[in-house]
Each structure stands twice: as structure tokens, then as C-alpha cells.
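# please work out how this folds:
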Amino acid sequence: MLTAKHHDGVALWDSKVGPLTTVRNTPAGRDLVGPFCQALRQKNLKVGLYYSLIDWSHQNYPNFLRDQKRYENDEARWQQFSRFNHAQIQELSREGLEGISSAVLSLAGMEGLDAHAAAVTIRLKEPA
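Prediction:
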């Protein structure tokens, strides 16, 4: 299982909705998720991606650090952050998991997030 995005907020693919990616912001300068998924497919192995819903670098995530908050009780900012997460999950389902008959996308940090909506987003890309 590859960590596609951890709590630091750096996406290991060329995310169009997030500012921090390995393509634009790291010495790697390239997508790491796509080649990982392709290599597993070539060996007929299942693909697993870990995606952290926690994102300390995103301006609309409420917690800046473990002991520092950006805001409390701001529904509009929380909804913006939730839409951002769902958009990145959809990107992964298109880019990393397309054509996969058996895949795992692990979501960490579900506390406070709309877990049902995240699960629905993932199911949209499952084969019929």
C-alpha cells in the first residue's frame, strides 16, 4: 500500500485541486502514484492507496498543529475542506484506480468528516 497523501498534505500525484504535489513541489518532480499502480497492474497485484483526510497544510483544515487550531465552529471553511478532500479522492479514483477490479483506498482521520459521503465517492468508481 502506497501513502498517496499523508497528514503533511503533499499529494504524490499531480493533483489539480491541491497546491502541494510531488510534481510541483519536490525534487522528484513527477507523479509517483501512477507508476506505482501501473507496476502492480503489470504483475496482476492488487492496488492499495492510503489517503489521509487530515491535512495540516490546508488553510481550511481546522487544526494547524496538535496544540494549535486555525479556527473552531466555522461550517463554511469545514465544507470547503471537505469538498477539497472529496475532489482529491475522485482524482485518485480516476488516476490511480481506473480499471482496477479490486482496490483498497484507506481513509485515515475520519473523525468529524462525512465518512458516508467519502465512501459513496469511492464506490462511484468501482466496476459494475
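
# ranges for the helices of the protein?
22-25, 33-42, 75-95, 115-123 (DSSP state H).

# would you mind finding the most buried of the ones you listed?
helix 75-95 (a mean of 17; mean count of other CB atoms under 10 Å). All C-beta spots, glycine's among them, are computed from the backbone N, C-alpha and C.

# surely residue 49 is in contact with residue 6?
No: using CB atoms under 8 Å, residue 49 is not in contact with residue 6, being 11.6 Å away.

# okay, the two: which has more neighbours?
The neighbour count for residue 49 versus residue 6, taken as other CB atoms under 10 Å, is higher for residue 49 (24 against 16).

# for the nearest residue to the more buried one once chain neighbours are set aside, list the residues it contacts.
Ranked by CB to CB, 6 or more residues apart in numbering and with sequence neighbours excluded, the top spatial neighbour of residue 49 is residue 4, at 4.5 Å. Contact analysis of residue 4 by CB atoms under 8 Å, 6 or more residues apart in numbering lists 11-13, 33, 49-51, 92, 96.

# quick one: residues contacting the residue of the chain positioned farthest from its centre.
In the chain, the greatest distance from the average C-alpha position (CA atoms, centre = their mean) is reached by residue 43, at 24.3 Å. Under the criterion of CB under 8 Å, 6+ apart, residue 43 has no neighbours.

# let me know the pLDDT of it.
Looking at residue 43, its pLDDT reads 92.

# likewise residue 88?
Per the predicted model, pLDDT is 91 at residue 88.

# wait, it sits on residue 19?
No: look at residue 88 against residue 19 with CB under 8 Å: they stay out of range, at 11.5 Å.
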